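Enquirer: the following comprises the amino acid sequence and a computationally predicted model.
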Amino acid sequence: MNQITFHHDTVLSDVHMHLPYVRHLMTRLNRVGQPGVYHTMSTPLEDVGKQVWRGAFFLADFILSKPVMFRGAAVLELGAGTGLTSIIVATIAKTVYCTDVGDDLLSMCKSNVMLNRHIMEPAGSEVKVRQLDWFQHDLCTDADVEFSWTEEEVADMHNNTGIIIAADVCYDDHLTDGFFRTLYQLCSNFTHTCTIFISIEKRMNFTLRNMDVSCEAYDHFIHCLSQLQDLVDGRCSFKVEQLPSNFAQFLLYERIEQLAWELLGVP
């Protein structure tokens, strides 16, 4: 295990995976290989995407329990981090746009996609690692910028994406606001119905402001969900549903209280 030095802003996930090439890494579970991914054991808050989080495993289990829903689909993942969930959905889907922001993170994500090609090859899927910044209105199409989009890819994503996925991306109110603005912008540009699956861990924390245990990040997430569902502007409408969480477990991790949501975006 890597040596960890804790600072005032250190964030440590309690989910970790064996490093690549460890002998027992690829334990078979219900015919699905446990993927191996490069990841960091601890990071500052701004780099938490380099860690592995339980929400990614939870969403991956949901995908594997509903293969018909994802088979042959064009999927866009927002805030992909290490790429774990994109890798899993690529064992079923046709095309996966695996997106996040930051060259270091996207390089790690690309390495993980390459490392796990063998579990994606049977589906014949294509995984494209691309930059998608929730605080930029337009996608970068500058060919000189690494992880930029081509005009053809932008058109393909807008015209064919039927499913958007996101796992454990709503842990900061500012990022949550950007995430929901991005969802709205994307669905407004689609010419077809899109289904969105969000996995989130309800984390309880003691705050000095409230002098009590609360879950402010989750509360803000629910507030944004309500705003999206109540939005009426003639461009796009959303239906929100909380999904049952009793689906089968395929991957090795400890399940605790998790929540999964389904959004139906209708242009």
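Expert: Noted; the coordinates are in hand. Numbering: from 1, shown residues only.
Enquirer: name the element Leu59 belongs to?
Expert: Here Leu59, judged by DSSP states H and E, is contained in helix 54-65.
Enquirer: equivalent analysis for Val96, please.
Expert: In the assignment (DSSP H and E), Val96 maps to strand 95-100.
Enquirer: Phe180 contacts Leu228, doesn't it?
Expert: Yes: using C-beta atoms under 8 Å, Phe180 is in contact with Leu228, at 5.9 Å. Just so you know, the C-beta spots here come from the backbone N, C-alpha and C atoms, and that holds for glycine as well.
Enquirer: that older thread, quick one: strands adjacent to the strand holding Val96?
Expert: Using DSSP bridges, the strands paired with strand 95-100 are strand 74-77 (parallel), strand 126-131 (parallel).
Enquirer: and among the ones you listed, the most buried is which?
Expert: Among the strands paired with strand 95-100, strand 74-77 has the highest mean neighbour count (mean count of other C-beta atoms under 10 Å), at a mean of 25.
Enquirer: thinking again about what came up before, summarise which helices and strands the helix holding Leu59 is packed against.
Expert: In this structure, helix 54-65 makes packing contacts with helix 84-89, strand 163-167, strand 194-201, strand 258-266, judged by 3 or more C-beta pairs under 8 Å, 6 or more residues apart in numbering; DSSP states H and E.
Enquirer: average pLDDT for stretch 113-131, rounded please.
Expert: In this model, stretch 113-131 has an average pLDDT of 93.
Enquirer: Glu241 in helix, strand or coil?
Expert: Secondary structure for Glu241, judged by DSSP: H, G, I helix; E, B strand; the rest coil, is strand.
Enquirer: sorry, back to before: would you turn the strands paired with strand 95-100 into a markdown table with distance to Asn159?
Expert: What follows is those, written out as a markdown table (distance: least, C-beta to C-beta, whole Å):
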| stretch | distance to Asn159 |
| --- | --- |
| strand 74-77 | 9 |
| strand 126-131 | 15 |
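Enquirer: right, and those strands - which one's nearest Cys194?
Expert: Cys194 sits nearest to strand 74-77 of all the strands paired with strand 95-100, at 8.7 Å, using C-beta to C-beta.
Enquirer: pull out the buried residues from stretch 150-168.
Expert: Neighbour-count burial for stretch 150-168 flags 153-154, 156-157, 160-168 (criterion: 16 or more other C-beta atoms under 10 Å).
Enquirer: I should have written stretch 109-126 there, sorry.
Expert: Judged by neighbour count (16+ other C-beta under 10 Å), stretch 109-126 contains these buried residues: 109-113, 115-116, 119-120, 123, 125.
Enquirer: picking up where we left off before, tell me which residues are up against the helix holding Leu59.
Expert: Residues outside helix 54-65 that contact it (C-beta atoms under 8 Å, 6 or more residues apart in numbering) are 13-15, 30, 32, 70, 81-82, 84-85, 88-89, 91-92, 165-168, 197, 199-201, 243, 245, 247-251, 253-256, 258, 260.
Enquirer: swap the cut-off to 7 Å and go again
Expert: 15, 32, 70, 81, 84-85, 88-89, 92, 165, 167-168, 197, 199-201, 247-251, 253, 258, 260 (C-beta atoms under 7 Å, 6 or more residues apart in numbering).
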